[in-house]
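K.L.:
quick check, what structure comes out for this input:
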Amino acid sequence: MVKPTKAMKSMLAKTPGKDPVPLTQAVEMLKGFVPRKFDQTVEIHMKLGIDPNQADQIVRGSVVLPHGIGKTQRVVVFAKGDLAKAATEAGADFVGSDDLAKKVRDGFLDFDVCIASPDMMGVVGPLGKVLGPRGLMPSPRAGTVTADVAKAVKEYKAGKVEFRNDKGGNLHAVVGKMSFDVQRLAENIGAFISYVQTLKPNSVKGTYIKSIAICATMSPSVRVAS
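P.N.:
Residues are numbered from 1 along each chain as shown. Okay, here's the model as predicted:
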């Protein structure tokens, strides 16, 4: 077992253990940990009371956070004609159709988001084995298969976050940077939690959100009261 460093021990001593605390207090604790030499990413982790093996209990979606995530996402778009032009004008990093598909098949994966117009799914579909495992496959439910590609590009450039529960029924998402002040981080996290609450499957009985925790790249987690 790897022993915790002195810095980690110091941070762990400041946490309330398994006791959840109000959101603002949790963010203040997180920001009070030992600073690092880089701007750490802040993540949220939620344990849901769902059965991930049931198709009607999958929790998946996307949400535009009030203050973005602190980085510009690289967006590619599968589109042609007027939609390709609109995507380019909206700020897409790369736009194409068959040429983009070939580029991806040849190993191009230097992007964070992949968007496609509905008429392009015949081109995108065969790329599922490449894009799917990396969480990059366009999906109508996530809003990445859409006729309004320009709007989708703008939203992701502004800080839209896409998520889906894992096999253990957990959600993980980026919600900002440690350089954000307490208010901005709290508002981002609060917006994410509120949106997830609206996605509760009708078939879920009992407690939907079992636990919430936030952490930075190199910090312990702090549990948040739900």
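K.L.:
quick one: the strands in this protein?
P.N.:
Ranges of strands in the chain, per DSSP state E, are 41-48, 60-64, 75-78, 94-96, 113-116, 160-164, 170-177, 209-216, 222-224.
K.L.:
between the first one and strand 209-216, what angle do the directions make?
P.N.:
Using axes from the mean of the first three to the mean of the last three CA atoms, to 10 degrees, one finds that strand 41-48 and strand 209-216 are set 170 degrees apart in direction.
K.L.:
ok, now the second one?
P.N.:
Angle between the axes of strand 60-64 and strand 209-216 is 50 degrees (criterion: the same axes, to 10 degrees).
K.L.:
for the nearest residue to V124 once chain neighbours are set aside, give its distance to K177.
P.N.:
Leaving aside its sequence neighbours, V124 sits nearest to A116 (CB to CB, 6 or more residues apart in numbering; 4.9 Å). Any C-beta I mention is one placed from the backbone N, CA and C, and that applies to glycine too. According to CB to CB, to the nearest Å, A116 and K177 sit 29 Å apart.
K.L.:
which stretch among the strands of the chain comes nearest G135?
P.N.:
strand 160-164 (7.6 Å; CB to CB).
K.L.:
pLDDT (mean, whole number) over the closest one?
P.N.:
Strand 160-164 shows a mean pLDDT of 89.
K.L.:
swap in stretch 124-139?
P.N.:
Stretch 124-139 carries an average pLDDT of 93.
K.L.:
flag every buried residue along it.
P.N.:
Residues of stretch 124-139 classed as buried under the neighbour-count rule (16 or more other CB atoms under 10 Å) are 124, 127, 130-131, 136-139.
K.L.:
per the annotation, how does this protein divide into domains?
P.N.:
Following automatic domain parsing, one finds the domains of the chain at 6-68+161-224, 75-157.
K.L.:
going by mean pLDDT, which of those domains comes out lowest?
P.N.:
Lowest mean pLDDT within those: domain 6-68+161-224, at a mean of 91.
K.L.:
just give me how far it sits from the chain centre.
P.N.:
11 Å (CA atoms, centre = their mean, to the nearest Å).
K.L.:
from now on call the first residue 871
P.N.:
Understood, numbering begins at 871; the last thing we discussed is domain 876-938+1031-1094.
K.L.:
so the nearest residue to D889 once chain neighbours are set aside bridges to which residues?
P.N.:
Spatial nearest neighbour of D889, chain neighbours left out: R1093 (6.9 Å); criterion: CB to CB, 6+ apart. Note on R1093: beta-bridge partners A1083, judged by DSSP bridges.
K.L.:
hang on, R1093 packs against A896?
P.N.:
Yes. In this structure, R1093 is within contact of A896 by CB atoms under 8 Å, at 7.2 Å.
K.L.:
give the residue from those two that has the larger number of neighbours.
P.N.:
A896 (25 against 18; other CB atoms under 10 Å).
K.L.:
that one touches P1090, doesn't it?
P.N.:
No. Using CB under 8 Å, A896 makes no contact with P1090, being 11.6 Å away.
K.L.:
tally of neighbours for the spatially closest residue to R1034 that is not a sequence neighbour?
P.N.:
With CB to CB, 6+ apart as the criterion, R1034 has its nearest non-adjacent residue at 4.0 Å, and that residue is R930. A count of nearby residues for R930, using other CB under 10 Å, gives 13.
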